[in-house]
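Asks: Here you go, sequence then predicted model.
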Amino acid sequence: MTELKDLARELDRFRLRILAAALFVLLGFGLLTARLVYLQVIRHDELSTKAEANRTAIVPIVPNRGRIVDRHGVVLANNYTAYTLEITPSKVDDLEATINGLAELVDIRPSDRRRFKRQLEESKSFESLPIRNRLSETEMARFIAQRFRFPGVDIKARLFRNYPLGETGSHLIGYIGRINQAEKLAMEDWEEETQANYRGTEYIGKLGLEQSYESELHGRTGVEQVETSAGGRAVRRLDSKPSTPGNTLILSIDIKLQALVEQLFGDRRGALVAIDPRNGEVLAFVSKPTFDPNLFVDGIDQENWSALNENIDKPLLNRAIRGTYPPGSTFKPFMAIAALNSGKRAASTVIMDNLTYSFGGRTFGSPETDRAGPKDMRAAIVTSSNVYFYSLANEMGVDLIHDQLEPFGLGRKTGIDMEGELTGDLPSTEWKRRRFKKPEQQKWFPGETISLGIGQGYNNFTMLQMATGVATLSSGGQRFKPRLVHEVEDMVSGEKRSISSQALEPIPLKPEHVSVIRDAMNGVTIAGTSARVFAGAAYQSGGKTGTAQAVGARANEKYSAARMAEHLRDHSLYIAFAPLDEPRVALAVIVENAGWGSGAAAPIARRVLDYLLVDQYPSEEDIALVREGKGVAPIGTPRKPADVPLPSGVSASVAMGLVAAPDPAASAASAASAAGAASSAPRAALPSTPRPAAASATASGGQR
């Protein structure tokens, strides 16, 4: 009996264990089922995406940057493809040893190492950085054969920006460069869509039109979905959305005229801006000296940067919009129109010019070449009388001068489609209160007004402001915001979108007053200070020379250029418009430290007007004289612009964008003469769009 009871007990225990095991199995299966439901149903979309991401990768496709061309289609900026040797630092154990090993296969210069080190400091370790750009086929073959030795190093095809004309128009075009850390931080404030459009992009516009029209030139970034191996290498492409290339900028600039003006300046410093008064389009935009923007594309090396940045001539300074200068006697026509418009002085009013003007115990002088005698407004402009405008400034006062001339664009930004424009200085009593901190410096003294009349004192303007002012004055008060870009061409549809200059509210000038100023400025070219320069011109123009002091003279000190350092001598200026009755061109030019306006600046202006109005390009001997500051009326046999090649060293096919730009390091044989299709292409005529409804006492350096 005992044995049976024990057996029953054992059976009960066994059944209990079976039940517990069954429950445990059921619980396990329940948990597995619940987990399966959670993963396969609840988190299906999330985990499916992650699984796909482990198998695939989204790679941005950087778009081709848009081209920049001049008004005739000559390419000023384009792209070409080249192979680069790149290192991903996070995948390399010993960077220095890796670079030394690569140097045994390809030519890695010290400048390449310095550039790589600088980019490494500005980038993240997982980013691919170029150690050597533009590999030759031989160098590529050497590396591919030894690739197994260099984990984290690979060859990539990249687009490079190229500026076929080199230094020509460099301040106008600007350049692109690698996005630095400060710019990356600034990008974080951009809209999300804009940030997304720059994924994979390593370069951005830095200066000039490359910077101002970045949104047009950049294009739209595409994406490519690729299947990847366990090691992260792309196996095959699954899907792609192509990038959209950037748009083409079609400028109003004539690059051959631009190159001519830069050639006429020679080694001298200065700026010239030429504008069409009928629509505000800029025809020439020159700042000298220039620089080669190609130096910046890969990251400029320290040697070249020092040569540019420490150069006393400041080649990186865009003098057309960031150089401010006293206008000298080129200010006198503006003073005259202000007097007529305000009613302060009639054109027929005669002032006796005794060559000196006394005010408050101080004597203000005239240049040695001036002539004494009675002078009305026309004679005062033609002979550039200082005394006439000393007295006029005293009669008007600083605030009336400011209020009359500020609408002409003097002392304020013009709104041109380029970043970095300076305001300049058109003084007033309020301006001086804002300008200076000490109370004793904030008060305006009547004696300070006198020198304003001849364009000295606190007056400081850019050549863009002066050219805009001349355009407004010569057109009878019609005003435009100046524009460098004429059209934007969509590279997908081919459609062209006009970038018209914005018409501003006209200045209410009386036609008879404008006629007085036009006639007086025409007299300057016939019997005045620029008569020798404009002798024999096939058109009638208006102009005014100016000589502005770079430094003030001490009391009773006689100006002597020969005794002064070159950078301290007077500036040479000239303003002009033509033809006389229906102006199509207005310009302002300055040649720094070159002396008389008629000797340096006016000859350059004459050649610009000849080019634009009568289709004449100066002879080589004439260009040589102008470069030396010895030019007057043109000499030699003028040429047709179509017969003159583009700047040397640029092939016509490259300049017209017909072939890819050559490797800048290639031999000179690849840069054929530009006397082909581009130079012989007909020049587009200027558009015929109808016009819509305190100087120190006795400063003897003449303002001419």
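Replies: Sure, I can see it.

Asks: Which element is encountered next along the chain beyond the longest strand that the chain contains?
Replies: The longest strand of the chain (DSSP state E) is strand 75-87. Next helix or strand after strand 75-87 toward the C-terminus (DSSP states H and E): helix 95-103.

Asks: picking up where we left off before, which parts of the longest strand of the chain are buried?
Replies: Going by neighbour count (16 or more other C-beta atoms under 10 Å), the buried part of strand 75-87 is 75-80, 82-87. Where you see a C-beta, it was placed from the backbone N, CA and C, and this is true even at glycine.

Asks: which helices and strands does that strand pack with?
Replies: Packing partners of strand 75-87 (3 or more C-beta pairs under 8 Å, 6 or more residues apart in numbering; DSSP states H and E): strand 68-69, helix 95-103, strand 129-132, helix 137-145, strand 153-162.

Asks: Of those, give the one that comes closest to residue 489.
Replies: Of all these, strand 68-69 sits nearest to residue 489, with 8.7 Å by C-beta to C-beta.

Asks: How far away from the center of its chain is that closest one?
Replies: Offset of strand 68-69 from its chain centre (C-alpha atoms, centre = their mean, to the nearest Å): 13 Å.

Asks: Contacts for it, please.
Replies: By C-beta atoms under 8 Å, 6 or more residues apart in numbering, the residues outside strand 68-69 that reach it are 75-78, 173, 209-210, 217, 248-251, 657.

Asks: which of those residues lies closest to residue 36?
Replies: Of all these, residue 36 sits closest to residue 217, with 53.5 Å by C-beta to C-beta.

Asks: Identify the bridge partners of residue 205.
Replies: residue 176 (DSSP bridges).

Asks: do you know how far it is from residue 112?
Replies: Per C-beta to C-beta, to the nearest Å, residue 205 is found 24 Å from residue 112.

Asks: again, but for residue 40
Replies: Counting by C-beta to C-beta, the gap from residue 40 to residue 112 is 54 Å.

Asks: Show me which helix runs longest in the chain.
Replies: helix 2-37 (DSSP state H).

Asks: Quick one: distance of it to the chain centre.
Replies: 85 Å.

Asks: same for it, what does it pack against?
Replies: Packed next to helix 2-37, using 3+ C-beta pairs under 8 Å, 6+ apart, is no helix or strand.

Asks: What average pLDDT does it get?
Replies: Helix 2-37 shows a mean pLDDT of 79.

Asks: show me what contacts residue 212?
Replies: So residue 212 contacts 174, 205, 417-419 (C-beta under 8 Å, 6+ apart).

Asks: let's see 7 Å
Replies: Contact analysis of residue 212 by C-beta atoms under 7 Å, 6 or more residues apart in numbering lists 417-419.

Asks: Go through these and give me the one with the most neighbours.
Replies: Ranked by the number of neighbours (other C-beta atoms under 10 Å), the contacts of residue 212 place residue 418 first, at 26 neighbours.

Asks: Would you agree that residue is in contact with residue 321?
Replies: Yes: the pair residue 418 / residue 321 is scored as a contact, 6.5 Å apart, by C-beta atoms under 7 Å.

Asks: just the helices in the stretch 401-550 of the chain please.
Replies: Using DSSP state H, counting those that start in this stretch, the helices of the stretch 401-550 of the chain run over residues 429-435, 439-442, 446-450, 463-474, 511-526.

Asks: Which strands or helices does the second one pack on?
Replies: Helices and strands touching helix 439-442, by 3 or more C-beta pairs under 7 Å, 6 or more residues apart in numbering; DSSP states H and E: there are none.

Asks: quick check: mean pLDDT across it?
Replies: The model assigns helix 439-442 a mean pLDDT of 90.

Asks: swap in the fourth one?
Replies: The predicted model assigns helix 463-474 a mean pLDDT of 97.

Asks: looking just at contacts, which helices and strands does it meet?
Replies: In terms of contacts (3+ C-beta pairs under 7 Å, 6+ apart), helix 463-474 is packed against strand 270-275, helix 319-322, helix 332-342, strand 571-578, strand 585-591.

Asks: If you compare the directions of the longest one and helix 463-474, what angle comes out?
Replies: Our comparison of helix 332-342 with helix 463-474, counting by axes from the mean of the first three to the mean of the last three C-alpha atoms, to 10 degrees, yields an angle of 50 degrees.

Asks: sorry, back to before: how about the helices and strands packed on strand 75-87 in a markdown table, adding distance to residue 571 and mean pLDDT?
Replies: Listed next are the helices and strands packed on strand 75-87 as a markdown table, based on distance: least, C-beta to C-beta, whole Å; pLDDT from 0 to 100:
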| stretch | distance to residue 571 | mean pLDDT |
| --- | --- | --- |
| strand 68-69 | 31 | 97 |
| helix 95-103 | 50 | 88 |
| strand 129-132 | 44 | 85 |
| helix 137-145 | 51 | 88 |
| strand 153-162 | 35 | 87 |
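
Asks: winner for burial among those?
Replies: For the helices and strands packed on strand 75-87, ranked by mean neighbour count under the definition mean count of other C-beta atoms under 10 Å, the leader is strand 68-69 at a mean of 24.

Asks: Give the pairing partners of the longest strand of the chain; include direction for each.
Replies: strand 68-69 (antiparallel), strand 129-132 (antiparallel), strand 153-162 (antiparallel).

Asks: what are the ranges of the strands in the stretch 401-550 of the chain?
Replies: Here the stretch 401-550 of the chain has its strands, by DSSP state E, counting those that start in this stretch, at 479-480, 485-489, 496-498, 503-504, 542-548.

Asks: Quick check: of the contacts of strand 68-69, which lies closest to residue 119?
Replies: Residue 119 has its nearest neighbour among these in residue 210, at 19.7 Å by C-beta to C-beta.

Asks: Tell me who's in contact with that closest one.
Replies: Neighbours of residue 210 in contact, by C-beta under 7 Å, 6+ apart: 173-176, 217.

Asks: And the furthest pair within those residues?
Replies: Largest pairwise distance in the contacts of residue 210, by C-beta to C-beta, is 12.0 Å, between 175 and 217.
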